[in-house]
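Asker: Build me a model from this:
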Amino acid sequence: AAVKAKGTTIIENAAKEPHIVDVASFLNAAGANIKGAGTDVIRVKGVEKLNSGFSHTIIPDMVEAGTFMIAAAATKGDVTVRNVIPTHMEALTAKLTEIGANVIEGDDWIRVNGVNKLQKANIKTLPYPGFATDMHPPITVLLCMAEGTSMITEGIWPLRFQYVDELKRMGAKIRVDSGVAVVEGPCRLTGAQVNAIDLRAGAAIVIAGLAAEGTTEVRNVKYIDRGYEDFVGKLRRLGADIHRVEIP
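Answerer: Numbering: from 1, shown residues only. Alright, predicted model coming up:
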């Protein structure tokens, strides 16, 4: 909106993730005048029009990549995620390694091997390049399988903890107090009928279902569709016993 507005727009407390920079690069290539993307303050000078006749390749989705990395660790699998930018994944990679998963990086791929024994960890979500709040629910599922007491402090979105009750229905031992989730592990997760509360919570519930004993039914998957392309199909190609059905 600011690109076509008259005058200069200043966006303060801006997000700094790589996809913010990517959007600014795309718009600048079209003739916009945007400076500061990737910092706390973005300045946009309005222009009369945007140009056509150029191409732009969207950067890889770091959150989708992270979801599959955590799924590999939670199911004790062996998954290589290709077309990623490893430097974008450093906060998650460091925590997966700390928890005990085997992580190997290439130029544009990351391989994650799950292990039988996982270790507790403490995590705090922070603005990029810190640990992403979008990875909070999935990493909680993984910590449910780790030995000992783990703590997750949410520093970005206070309502993120809405997923906890759904995991508790599956046997997770989690309590939330003053913006901190305390996870007691290892937990024995079992299948249940649960709901996708939001986009990332929905992905986390699916990961929990893949790692749990028995059958898990996840409802409200419309939230998951917002952020994952062919999520079920990709998991099936990795060997997951998962399918999508329409319920009247």
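
Asker: ok, Val141 touching Val164?
Answerer: No: with contact defined as C-beta atoms under 8 Å, Val141 does not count as touching Val164 (11.0 Å). In short, each C-beta sits where N, CA and C put it, glycine included.

Asker: anything in contact with each of the two?
Answerer: Overlap of the contact sets of Val141 and Val164 (by C-beta atoms under 8 Å, 6 or more residues apart in numbering) consists of Ala172.

Asker: Pick out whichever of those two has more residues nearby.
Answerer: Neighbour comparison, Val141 and Val164: the larger count goes to Val141, with 29 against 18 (by other C-beta atoms under 10 Å).

Asker: Provide a list of residues in contact with the more buried one.
Answerer: Residues near Val141 by C-beta under 8 Å, 6+ apart: 70, 74, 167, 172, 204, 207-208, 211.

Asker: what's the helix or strand for it?
Answerer: Using DSSP states H and E, Val141 falls within helix 136-143.

Asker: quick one, helices of the protein?
Answerer: Under the criterion DSSP state H, the chain contains helices at 18-29, 62-74, 90-99, 136-143, 164-169, 199-211, 222-225, 231-237.

Asker: could you redo these as JSON lines and give each row distance to Val112 and mean pLDDT?
Answerer: Listed next are those as JSON lines, based on distance: least, C-beta to C-beta, whole Å; pLDDT from 0 to 100:
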{"stretch": "helix 18-29", "distance to Val112": "20", "mean pLDDT": "97"}
{"stretch": "helix 62-74", "distance to Val112": "4", "mean pLDDT": "98"}
{"stretch": "helix 90-99", "distance to Val112": "7", "mean pLDDT": "98"}
{"stretch": "helix 136-143", "distance to Val112": "11", "mean pLDDT": "98"}
{"stretch": "helix 164-169", "distance to Val112": "21", "mean pLDDT": "97"}
{"stretch": "helix 199-211", "distance to Val112": "13", "mean pLDDT": "98"}
{"stretch": "helix 222-225", "distance to Val112": "21", "mean pLDDT": "96"}
{"stretch": "helix 231-237", "distance to Val112": "15", "mean pLDDT": "97"}
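
Asker: Single out the most deeply packed of the ones you listed.
Answerer: Highest mean neighbour count among the helices of the chain (mean count of other C-beta atoms under 10 Å): helix 136-143, with a mean of 28.

Asker: Using PDB, list the CA coordinates for stretch 47-63.
Answerer: Coordinates of each C-alpha in stretch 47-63 appear next as PDB, following Å, rounded to 0.1, in the frame of the first residue of the first chain:
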ATOM      1  CA  VAL A  47       5.800   6.100  -6.700                       C
ATOM      2  CA  GLU A  48       3.300   6.800  -9.500                       C
ATOM      3  CA  LYS A  49       3.400   3.300 -11.000                       C
ATOM      4  CA  LEU A  50       5.100  -0.100 -10.900                       C
ATOM      5  CA  ASN A  51       6.700  -1.500 -14.000                       C
ATOM      6  CA  SER A  52       6.200  -4.900 -15.600                       C
ATOM      7  CA  GLY A  53       8.600  -7.000 -17.700                       C
ATOM      8  CA  PHE A  54      10.800  -8.500 -15.100                       C
ATOM      9  CA  SER A  55      11.000 -11.800 -13.300                       C
ATOM     10  CA  HIS A  56      11.500 -12.700  -9.600                       C
ATOM     11  CA  THR A  57      12.100 -16.000  -7.900                       C
ATOM     12  CA  ILE A  58      10.500 -16.300  -4.500                       C
ATOM     13  CA  ILE A  59      12.900 -17.500  -1.800                       C
ATOM     14  CA  PRO A  60      12.300 -20.900  -0.100                       C
ATOM     15  CA  ASP A  61       9.800 -21.100   2.700                       C
ATOM     16  CA  MET A  62      11.800 -21.400   5.900                       C
ATOM     17  CA  VAL A  63       8.800 -22.300   8.000                       C
END
